[in-house]
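Participant: Quick one, fold the following:
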Amino acid sequence: MTDLYPAADQRELLRQAAAAHTAASADVETFLRRLPEVPDPADITEYANLLSREEHARADRQAAADAAGLQLPSMESE
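Facilitator: Coordinates of the predicted model:
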């Protein structure tokens, strides 16, 4: 049987991707709130890992948005 509402599945995937991105962003904020005045190498490594996770989650969210029909024109200035 053909699914009459396939976009609903895409919207749910988009909501899940947005929630994952929100969580990744919150983890960066939590890290920054406890960051010591002078970060050590472990802090820098953790920050890099958190940023990588956040960027991956943002890319996943954008891909889900595109799949759900929310393609946006380029926001870069020409």
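Participant: From now on I want contacts and neighbour counts done on CA atoms only, so please keep to that.
Facilitator: Noted.
Participant: ok, longest helix in this protein?
Facilitator: The single longest helix within the chain, with elements called by DSSP state H, is helix 6-34.
Participant: mind listing what's buried in that helix?
Facilitator: 10-11, 13-14, 17-18, 20-22, 24-25, 27-28 (16 or more other Cα atoms under 10 Å).
Participant: What is it packed up against?
Facilitator: With contacts taken as 3 or more Cα pairs under 8 Å, 6 or more residues apart in numbering; DSSP states H and E, helix 6-34 sits against helix 41-67.
Participant: Hey, what's the angle from the helix it packs on to helix 6-34? Just curious.
Facilitator: Here the directions of helix 41-67 and helix 6-34 differ by 160 degrees (axes from the mean of the first three to the mean of the last three Cα atoms, to 10 degrees).
Participant: Pull out the buried positions in helix 41-67.
Facilitator: 47, 50-51, 53-54, 57-58, 60-65.
Participant: could I get these as a markdown table with pLDDT and distance to residue 40?
Facilitator: Conversion of the buried residues of helix 41-67 to a markdown table gives the following (pLDDT from 0 to 100; distance: Cα to Cα, whole Å):
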| residue | pLDDT | distance to residue 40 |
| --- | --- | --- |
| 47 | 98 | 11 |
| 50 | 98 | 15 |
| 51 | 98 | 17 |
| 53 | 98 | 20 |
| 54 | 98 | 21 |
| 57 | 98 | 26 |
| 58 | 97 | 27 |
| 60 | 97 | 30 |
| 61 | 96 | 32 |
| 62 | 95 | 33 |
| 63 | 94 | 35 |
| 64 | 95 | 36 |
| 65 | 93 | 37 |
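Participant: Lovely, talk soon.
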